[in-house]
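> I'd like to go over a predicted model; first the sequence, then the structure.
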Amino acid sequence: MRKFIKQMLQNHAFQKKTALVDNNYQYTYRDLLQKVNDYEKLLLNNGIEKKTVIIYGDFDINSVTMFLALLITGNVVTLMNNDNRENSELQKTIGANFIFDHVTENIIKLADNKLPSLTAKLFHQNESGIIFFTSGTTGKPKAILHSATKLLKKYEFSKKSYITLGFLLFDHIAGIDTLLYTLFAHGALVRITDRSPDNVYETLRENHVEVFPTSPSFLTMLIIRSLWNSSELPNFKIITFGSERMADETLKKTKIMLGTEVRAIQKYGITEMGSPIVKSKPNDPLWISIDRRTTDYKIENGVLFLKASTSMLGYIYPDRCEEFNGWFNTQDKVEVDGEWIKILGRTTDIINVGGQKVYPAEVESVLLEMDNINDVSVFSKDNPIMGKIVAAKINLEDDEPVNSLKKRIRKYCKSRLESFKIPAYIKITKEKQVSDRFKKVRK
């Protein structure tokens, strides 16, 4: 695997092609190779081998090249966001030895932490690794250890070279997937720090971006802002979306926004299982087919289970490690049509109304068809009679009395949804309904 990374950089370095655009500066593959070589020497001279090193970074030249250098030198790289910079508990849990400051390029030694058994086993096999943390939306963040050898194997299939926007975050499995695919395919990654819709659009335009990996929630924000002008983006080819279920109406509006020359492709990934290779149905990208070269799957009681060569080694907890080997329950309810799979929603998001199941994305899609509704999140609310009822939090384009909105919703949904799926509780809000990772917040 270490030779695999080095060989990729060496093969590409002979051509004067841009690998990374950072703050309007274009770094070539030769620049990346030189920087990786410099960091490799720095690490070896300081005895940093078979260590756990945290990078609080982004898709800047220092973070990207140190990430690659750490893997080449047999270390475990931990990718974390700045919100956890002072979290000594997480540092102790993973047995972190050093922190790399991507701004100053300093390597900061930490207090001696106990090496987790899972990491020790990886080092004993002379392998490097990557630790990701779950988002922690349903509890404390969990540390997930991946073998870099297993995780990077899929990039042998990276062939198509594009200029791609590094929109998805550096500490997220989807962000690293974007980075590695781009580099191994000899493409160029454009860094962005301000992820507001206006700045994203300008960055796409100014850098002649061809591929934009994003989320359905951010696409909704772009649709609301009415920024897209295809004539200003002549090089643009593909939008990829994932990380959450896309509502049918959002896809419809996205296609209208993009025009006929741009493809919308769904990606599928879970932190524990890596990012399996999938293809989207040509006429309906809400359906995907999983490439069985790296990932097997089965459906049990309508839930998707995965078994992949890119799966995690296991979880690292403060007091123990939990190895993983076998089938992983994604908790995604799916619909199946031959080789094609459609994600309906997480089992944890399903609303049980008097024994009847409601998928929030289905209700959201219908509500988004209505006039004056810009965005909506559907969630469950406790009810003394039914147990749970369907609730909706709505962003309006223009002000409207809540009673008027309720009447319109009931009237419109009557012919589109079964009665138990129609929202019984409506709240109008001006707050954004997406997290810092641009995923729908349902509460």
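Ah, there it is. Numbering: from 1, shown residues only.
> just the buried residues of stretch 141-156, please?
The neighbour-count check on stretch 141-156 (16 or more other CB atoms under 10 Å) flags 141-155 as buried. C-beta: built from backbone N, CA, C; applies to glycine.
> start and end of that stretch, how far apart?
With CA to CA, to the nearest Å applied, stretch 141-156 spans 31 Å between its terminal residues.
> about what we covered before: between the buried residues of stretch 141-156, which is nearest residue 18?
For the buried residues of stretch 141-156, the residue nearest residue 18 by CB to CB is residue 155; the value is 19.0 Å.
> tell me where the stretch 301-443 of the chain has strands.
303-308, 314-316, 321-323, 328-337, 340-346, 351-353, 356-358, 373-383, 387-396, 425-428 (DSSP state E, counting those that start in this stretch).
> ok and the fifth one relative to strand 328-337, angle-wise?
Read it as strand 340-346. In terms of direction (axes from the mean of the first three to the mean of the last three CA atoms, to 10 degrees), strand 340-346 departs from strand 328-337 by 120 degrees.
> what helices and strands are in contact with strand 340-346?
Other elements packing on strand 340-346 under the criterion 3 or more CB pairs under 8 Å, 6 or more residues apart in numbering; DSSP states H and E are strand 284-290, strand 328-337, helix 360-368.
> longest helix in the chain, please.
The residue-count maximum for a helix in the chain (DSSP state H) belongs to helix 29-45.
> OK, contacts around the closest residue to residue 443 other than its chain neighbours?
Nearest residue to residue 443, sequence neighbours excluded (CB to CB, 6 or more residues apart in numbering): residue 379, at 5.6 Å. Neighbouring residues of residue 379 by CB atoms under 8 Å, 6 or more residues apart in numbering: 349, 351, 360, 391, 392, 393, 442, 443.
> and if we set it to 7 Å?
Residues counted as contacts of residue 379 (CB atoms under 7 Å, 6 or more residues apart in numbering) are 360, 391, 442, 443.
> what about the residues you listed, which one has the most neighbours?
Neighbour counts for these (other CB atoms under 10 Å) peak at residue 360, which has 25 neighbours.
> contacting residues for that one?
With CB under 7 Å, 6+ apart, residue 360 has these contacts: 345, 349, 351, 378, 379, 442.
> that one and residue 38, how far apart?
In this structure, residue 360 and residue 38 are 49 Å apart, going by CB to CB, to the nearest Å.
> show the contacting residues for the nearest residue to residue 325 once chain neighbours are set aside.
Closest residue to residue 325 apart from its sequence neighbours, by CB to CB, 6+ apart: residue 311 at 7.8 Å. Neighbouring residues of residue 311 by CB under 7 Å, 6+ apart: 272, 273, 274, 324, 328.
> redo these as CSV? Include neighbour count.
As requested, the contacts of residue 311 are exported to CSV (neighbours: other CB atoms under 10 Å):
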residue, neighbour count
272, 22
273, 22
274, 27
324, 17
328, 17
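> sketch out the low-pLDDT regions of this structure for me.
1-2, 83-86, 135-139 (pLDDT under 70).
> okay, now the domains of it?
1-193+268-346, 351-428 (automatic domain parsing).
> Provide a list of residues in contact with the spatially most central residue of the chain.
What sits nearest the mean C-alpha location of the chain, by CA atoms, centre = their mean, is residue 174, with 3.7 Å. For residue 174, the contact set (CB under 7 Å, 6+ apart) comprises 168, 213, 242, 243, 269, 275.
> for those, which single residue is the most surrounded?
residue 168 (27 neighbours).
> roughly how far out does whichever strand or helix holds residue 3 sit from the chain middle?
Secondary structure from DSSP states H and E places residue 3 in helix 2-13. Remark: helix 2-13 is offset 26 Å from the chain centroid, using CA atoms, centre = their mean, to the nearest Å.
> after that helix, heading C-terminal, what element do we hit next?
Proceeding N to C from helix 2-13, the next assigned helix or strand is strand 18-22, under DSSP H and E.
> may I see the buried residues of stretch 23-33?
Buried residues in stretch 23-33, counting neighbours by 16+ other CB under 10 Å, are found at 27, 28, 29, 30, 31, 32, 33.
> look up how far residue 144 lies from residue 245.
Relative to residue 144, residue 245 is positioned 22 Å away (CB to CB).
> in CSV: the buried residues of stretch 23-33, plus distance to residue 335.
Supplementary listing: the buried residues of stretch 23-33 in CSV, determined by distance: CB to CB, whole Å:
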residue, distance to residue 335
27, 44
28, 46
29, 43
30, 48
31, 47
32, 43
33, 46
